[in-house]
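K.L.:
Make a model of this:
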Amino acid sequence: MPRLIELKPQYKKREIGKMIEGYRKMRDMKQVELATACNMSQQNYSRKVKSNQFKYIDLLRIFKALELTDTEILELMKV
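P.N.:
Down below sits the predicted model:
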């Protein structure tokens, strides 16, 4: 079982982009709408989602644009 514990942070890191996309789709937002609200291009947003290369300020802007609750943010960031 120790292997599962070691891999959990990597698993969550890979999945955060998919989880953000899920919240975006639940809110019926297009990628370009969310990217514009976060002051980035749609191409840049798409690249960050695929590679999970979000900066702290990017995450703050995404959370605000998606109007996520504290509980949803904690679920996204929980490792």
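
K.L.:
phi, psi of residue 55?
P.N.:
phi -90, psi 160 (degrees, to the nearest 10).

K.L.:
if I look at it, how far off is residue 40?
P.N.:
Applying C-beta to C-beta, to the nearest Å, the value for residue 55 to residue 40 is 10 Å. C-betas here are computed from N, CA, C, even on glycine.

K.L.:
In terms of neighbours, single out the busier of these two.
P.N.:
Just comparing residue 55 and residue 40: by other C-beta atoms under 10 Å the higher neighbour count belongs to residue 40, 17 against 9.

K.L.:
these two touch, right, that one and residue 54?
P.N.:
No - Residue 40 is beyond contact range of residue 54, at 10.6 Å (criterion: C-beta atoms under 8 Å).

K.L.:
immediately after the lowest-mean-pLDDT helix or strand in the chain, which helix or strand?
P.N.:
Sorting the helices and strands of the chain by mean pLDDT, DSSP states H and E puts helix 2-26 at the bottom, at a mean of 72. Counting by DSSP states H and E, the next helix or strand C-terminal to helix 2-26 is helix 31-37.

K.L.:
Packing partners of that next one?
P.N.:
Here helix 31-37 touches helix 42-51, helix 56-66, going by 3 or more C-beta pairs under 8 Å, 6 or more residues apart in numbering; DSSP states H and E.

K.L.:
What residues sit buried inside the shortest one?
P.N.:
If I follow you right, that is helix 42-51. 45-46, 48-49 (16 or more other C-beta atoms under 10 Å).

K.L.:
any chance of those residues in CSV, with distance to residue 21 too?
P.N.:
Shown next, in CSV, are these (distance: C-beta to C-beta, whole Å):
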residue, distance to residue 21
45, 10
46, 10
48, 11
49, 6
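
K.L.:
ok, of those, which one's closest to residue 23?
P.N.:
Using C-beta to C-beta, residue 49 is the member of these that lies nearest residue 23, at 11.5 Å.

K.L.:
residues near the spatially closest residue to that closest one that is not a sequence neighbour, how many?
P.N.:
Nearest residue to residue 49 in three dimensions, chain neighbours excluded: residue 17, at 4.1 Å (C-beta to C-beta, 6 or more residues apart in numbering). Using other C-beta under 10 Å, residue 17 has 17 other residues around it.
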